[in-house]
Structure formats: C-alpha cells, structure tokens
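# Here is my input, please return the structure:
(chains A and B)
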Number of protein chains: 2
Amino acid sequence: MKKLINDPEDVVDEMLDGMEVAYPDRLRRLDGTNVMVREDAPVDGKVAIVSGGGSGHEPTHAGYIGDGMLDGAAAGEVFTSPTADELSEMIQATDSGEGVLCVVKNYEGDVMNFETAAEMAEMEGVEDVEQVVVNDDVAVEDSLYTSGRRGVAGTILVHKVAGAAANRGDDLEEVARLAEKMIDNVRTMGTALTSCVTPEKGEPTFDLGDDEIELGIGIHGEPGTERVDIMPADEIAEELTGQVIEDLDPDAGQEVVTIVNGMGGTPLMELFVLNRKVQALMDEHDLEVWDAMVGDYMTSLDMMGASITVATVDDELKELLAAEADTPALKR
Amino acid sequence: MKKLINDPEDVVDEMLDGMEVAYPDRLRRLDGTNVMVREDAPVDGKVAIVSGGGSGHEPTHAGYIGDGMLDGAAAGEVFTSPTADELSEMIQATDSGEGVLCVVKNYEGDVMNFETAAEMAEMEGVEDVEQVVVNDDVAVEDSLYTSGRRGVAGTILVHKVAGAAANRGDDLEEVARLAEKMIDNVRTMGTALTSCVTPEKGEPTFDLGDDEIELGIGIHGEPGTERVDIMPADEIAEELTGQVIEDLDPDAGQEVVTIVNGMGGTPLMELFVLNRKVQALMDEHDLEVWDAMVGDYMTSLDMMGASITVATVDDELKELLAAEADTPALKR
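Model prediction:
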C-alpha cells in the first residue's frame, strides 16, 4: 500500500486536524469528536444544515461547510457511519433555535444513526430536527450497505439547495421541502477503472483485470453491477448517461445540471474528455444544460473512475443553486 | 493502460472541447488551435496575462483563466511545449494594447517557444510583450528538460499576483516586477509514490518498487533525485519542507503561503494528512502562515504524490494574493 499517511488508525483524526489548520477562520472541530462545524456556529436566525457519513469521500462532507451550504459535517472512520453520539453533538452545536436539517446519504448505518441522533438532540433541547435521505444512484435498488438506492454525488446539489434556502431565511419545513425536491430530481451512475485501497486493509477491495472496468459502482469500494471490457470514454459516457436519463425521464427541452465527478484517482484531463461527450449527449436528448460541473466532489479514496449526474432544475431550484456559497470546496 | 479517454492522439483536443463546454460563458477556444482565452478577450484597458505549457498538469493552465488571473492559456500535447505559432496567436488575441505578460514555467521548449512567439506577435503589431520565468523547484539545478530550476506548483501564485496587478490597472512594467518578486519568494519540492502513465506511452514513465518513493520529482514523469523507502507522511513532510525552507531561508516571524499540492492521483484525504504536519513545521520554524492552500493545482496526470510549496509574502504580495479572482479552478 502506498499512501501519504502515518498510522492507518489515525488517518481520519489527522485528516481532520489537517483540514482545520488549512481553514482556521472557517472550520472548527468540536473537541474530542470527528465533527467539524462552521467556525461561527451556531448561526443566529437560520435553519442549520448538517451532513455526515464515512470518511474517504473528501471533499465530502466537511469541504462543503460554509456560508450558503453546510453548518456542520460529521466524519466516521473510512467508509463507516459516524456514531449517533457525535451526530447528536453536531446537531446541538449548530442549532440556533430555528431547527436542523440533516442531509443523509442512503446507507443503513447513516440513516439509523442520524435518526437516533435526532432523538438524542431533541431530548437535549433541540426543538426540531428533520432528515432528508439522498438516493440518487440508479445502479442498484438494494446494495451491500443499503435498502433502496444509494446516495452519491447528487448529494452536493442537495447541500447547495438546502444551504441557500436556509441562508435566505426559509423555515425548516420549507428548507426540507426544497431539499426533497432536489432529491426527487437528481440521478447518478458511476464506473470504476480500479478498486480503491482502504488505509486499514491496505489492498484493493475488489479485483479488476487490466482490461476490465466495473459499471454501477458505489462509493464504498463495493463492486459494481456489471463487469465489462474497458471501452473508450465516449462509450462509457453513453452507457452511464443512458441509464441516468432513462431513469430520470426528463421532458424534451428540460433544463438540467450535469456533474462529471471524479472518484479520487482520476486526472482532471479525463473528466473533461468525459464531459465533452456528456454535453453532446445532453444535446442529443434535447436537454438544455444550465450548469455543467466537472471535478472531484464525491470521491472514493484513490479509486480511478467517475460518475455522471443529471438533475432537472426549474426556476425555484436554479435560484438556490446559483446563490452565493463560500466553502473550501465550492464557491459561487 | 486504464484511462477515461478515446484515441490517445485526441486526448488534448477532446479535453479542451470538454473544458469549453463546461464553461461556455468563461472560456473560448481559438479556432483551429489548442489555445483557450477568456470569453471576453481582449479585455480593454488591462495588461493581458497569459501562460501555457504541455498538457497533463490540469487544472494548469486553462483552469486559471478568468477575472483576476489569466487571459489565455496555450496547451501543448501531453508534456510537450505549445508551438510558437499558437503562443503568438494567444498573445495577439489577448492584447488590448496595454501589453502582454507571459508567465512561463522554466522548461527549455517553453522558454524558447514563448520567446519566438513574442517576436512573432510584435511583428504582427503587439507593442509590448514581456516574459517572466518561474523556477520554484528546489530539487534540481538542471534536469532532463531544463537548464536551471524547473517551474512547478509555485506558478499558481505568480498567475494570481500578475492577474491581480493587471486587474487593478498596473502597467506592464509594474506587473512584470510584481510577478518577478513572487517568483523570487517561492520554493517547491515534490515526491512521487507512483509514476504517471502518459496516454501515448500507456505505461509508467519510470519504475518504482512497491516500497519505494521518489523525492525531488518533476511534473513531466521524469524520475526524482533520490529513491528512498516509503516513509510515514510526517517524515515525507519533514524531508520536503526541510529542503524548501533551507533554500528559501526565511526570517523568523516571516509570513508565508503554503501549498500542499496533489499530483493528480492522490486522494484529498492524504493531502490534508500532509498539511497537518506542514503547518506544524511552519510553527516549528517560527513562520506565520497567512494562507494554507490544499488541493490539486499543478498535477502530473495520474501520478500519486504531492509537492510542498512555501512562499514568503509581504503586504504588497498579500494584497494581490487576496484580491478577487473568478476562474474555474480558483476563486477568491
């Protein structure tokens, strides 16, 4: 295993320390936890937006903490849910009295621990905690870690919409409605050229031949739904985009946001090659691209590969997606 | 070789197409060239800042095109200098009459072609073209591709300083002076855990054992200056930072900018682990960190590894580094 780490057991703790000293004016780590919050949390007069999940998906989630997106993010160990205790501490530390919306990726451990945490926080005096569950991955209905679909790169758009709605003063019910609307409108599918290597295990989590790729991968090192021979980028784009569009079933002329998301080990050069074809496919499907995002938003450690997200947007969602945001990983 | 590409011969062309459709309001590709310019180039009343070099370092350089940074960037084939013809076209397309500053990384082909291009552009009516050469890599005095030191991740700071100075209306002579000052103040050193794989060659450009890393690598797949056993991240940080600081020789109490730069295949998690130690080392050296940047700024395709940059800054440079910038890869 070749990684720029020290003891594998310390990797999450040391990563969070390294984030905090990179953004000391923005981020604050809650003492004795793996929870990061806005430096100025709780922010008065605003619904708080929080998220969290296993580590290994950086910049998700703590990279999206800041004005217009998240108030807090809890990091579990690599590919492991944060504990309910820590999630509850995060909810309490970010609540200003206006309530807290938890944006949860659909993995059983995450959903369960956020539910428990909400109950714990309410017992500690937080009046209102709501939860929305992101399930944008069209590849599988149930997986190793989920019942129902997994939450993957589309989560970023949910952070953005919820954060912007909270920032302009919407109440918790309205913020949750808008987050749910974004979730209903977004679909994703990914491919892996290589497995990732977790620090703890030190070897690939699945084996893939030199001329094979996996379609329909998740973000936790779980294998995909189909193993195929490696194809040119344009064919991969067609395959992934085709399944996303088929499931999303948008009207002709519909405005969309696309995300070409790198899985962590993929050069930006390749993401742009993929984006070229994705944009051509949007044109073929008579979809109007309102925003095309390209980059590493939701990763899987050092995995080579990418996911393609398509989301339909209307005026209500566009206003929120375009609103100012100032976070380490996304600025608008 | 596993890459998200089509024909290796088309990779730069298709990447540039993929960039242009990602940012249609920001970037414009000059017809029949691999030159990208600001959509609104030339910008009236402002010195133009341009750069360029071989592809494979994305987001460098075209990712830094935009308000407050670059007006244009020329992409050569992978790890190959752009032609003088294309560089001349870029200079002509971005000049508003206030002159053009070329920010060149110190590689023989780049320096020579930019010099030729400046002469060509001046014959075509561009009144004033200046060139600054970035040489921040402390690893080697001469290398496979350079006489003198190589230009690496510190180049980003030179783009920022020159772009901000041009934006506030400084004339060409003053913009060049400030860019030179930034160059004088910045040092970098990198390490590779793996070689990169170029699309054309399809295999690693150097071999590295499972338990070996290279210190003092460049960004063109050239091997480093020293091959050592893999070390914990903290020791790697000490080794790289130590050499950078020794060469920079800053005064105690000096303010600095640090960059922990990923080489393309390194997860962000590992860059933050490295940054944790880099910031501790700044403290040990009694240096005051004014800004800590962490991310993929100057890459080498899919290479796993990182570089560490330290730059001393004073009020004049800080004002320019803090000024607003709005580019795909860097916003302030």
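
# so A:T309 touches A:T188, yeah?
Yes. A:T309 is within contact range of A:T188, at 4.3 Å (criterion: CB atoms under 8 Å). Just so you know, the C-beta spots here come from the backbone N, C-alpha and C atoms, and that holds for glycine as well.

# list residues touching both of the two?
Counting by CB atoms under 8 Å, 6 or more residues apart in numbering or on different chains, the residues touching both A:T309 and A:T188 are A:D136, A:V152, A:A153, A:G154, A:V244, A:I259, A:N261.

# of all the residues you listed, which two lie farthest apart?
Farthest pair in the shared contacts of A:T309 and A:T188 (CB to CB) is A:V244 and A:N261. Separation: 12.2 Å.

# Quickly list what's touching both of the two.
The overlap between the contact sets of A:V244 and A:N261 (CB under 8 Å, 6+ apart) consists of A:T188, A:I308, A:T309.

# Among those, which ones are in helices?
The helices, defined by DSSP state H, take in nothing from the shared contacts of A:V244 and A:N261.

# Out of those residues, which is nearest to chain B?
Checking those against chain B by CB to the nearest CB gives A:I308 as the nearest, at 11.0 Å.

# quick check, A:V260 in a strand?
Yes. Under DSSP: H, G, I helix; E, B strand; the rest coil, A:V260 sits within a strand.

# residues contacting it?
Applying CB under 8 Å, 6+ apart, we find A:V260 in contact with A:L271, A:F272, A:L274, A:N275, A:V278, A:A292, A:M293, A:V294, A:G295, A:A306, A:S307, A:I308.

# Kindly report the same for A:R28.
A:E20, A:M36, A:V37, A:R38, A:E39, A:A41.

# what mean pLDDT does the helix or strand encompassing the third one have?
Following DSSP states H and E, the helix or strand that holds A:V37 is strand A:35-38. Across strand A:35-38, the average pLDDT comes to 98.

# just the CA coordinates of the following helix or strand past that strand, formatted as PDB?
Later in the chain than strand A:35-38, the nearest helix or strand by DSSP H and E is strand A:48-55. Taking C-alpha atoms only, strand A:48-55 is exported to PDB below (Å, rounded to 0.1, in the frame of the first residue of the first chain):
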ATOM      1  CA  ALA A  48     -28.800  24.700  10.300                       C
ATOM      2  CA  ILE A  49     -27.900  22.200   7.600                       C
ATOM      3  CA  VAL A  50     -25.700  19.300   8.600                       C
ATOM      4  CA  SER A  51     -24.500  16.200   6.900                       C
ATOM      5  CA  GLY A  52     -22.000  13.400   7.600                       C
ATOM      6  CA  GLY A  53     -21.000   9.900   6.800                       C
ATOM      7  CA  GLY A  54     -18.000   7.700   6.500                       C
ATOM      8  CA  SER A  55     -14.600   9.300   5.500                       C
END
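
# Quick check: neighbours of strand A:48-55 in the sheet, parallel or antiparallel?
Paired neighbours of strand A:48-55 in the sheet (DSSP bridges): strand A:72-78 (parallel), strand A:100-105 (parallel).

# What mean pLDDT does that strand get?
Averaged across strand A:48-55, the pLDDT comes to 98.

# Pull out the buried positions in that strand.
A:A48, A:I49, A:V50, A:S51, A:G52, A:G53, A:G54, A:S55 (16 or more other CB atoms under 10 Å in any protein chain shown).

# Which of these sits closest to A:G72?
Nearest to A:G72 among these is A:V50, at 4.2 Å by CB to CB.

# Now that closest one: closest residue in space that isn't a chain neighbour?
With sequence-adjacent residues excluded and distances taken as CB to CB, 6 or more residues apart in numbering or on different chains, A:V50 is closest to A:G72, at 4.2 Å.

# Settle this for me: that neighbour is touching A:D40, isn't it.
No. Using CB under 8 Å, A:G72 is not in contact with A:D40, being 11.7 Å away.

# Pass me the low-pLDDT residue ranges in chain A, would you?
Across chain A, the ranges flagged by pLDDT under 70 are A:142-146.

# Break down it into its helices, ranges please.
A:11-22, A:84-94, A:108-123, A:155-167, A:172-184, A:233-248, A:268-284, A:315-322.
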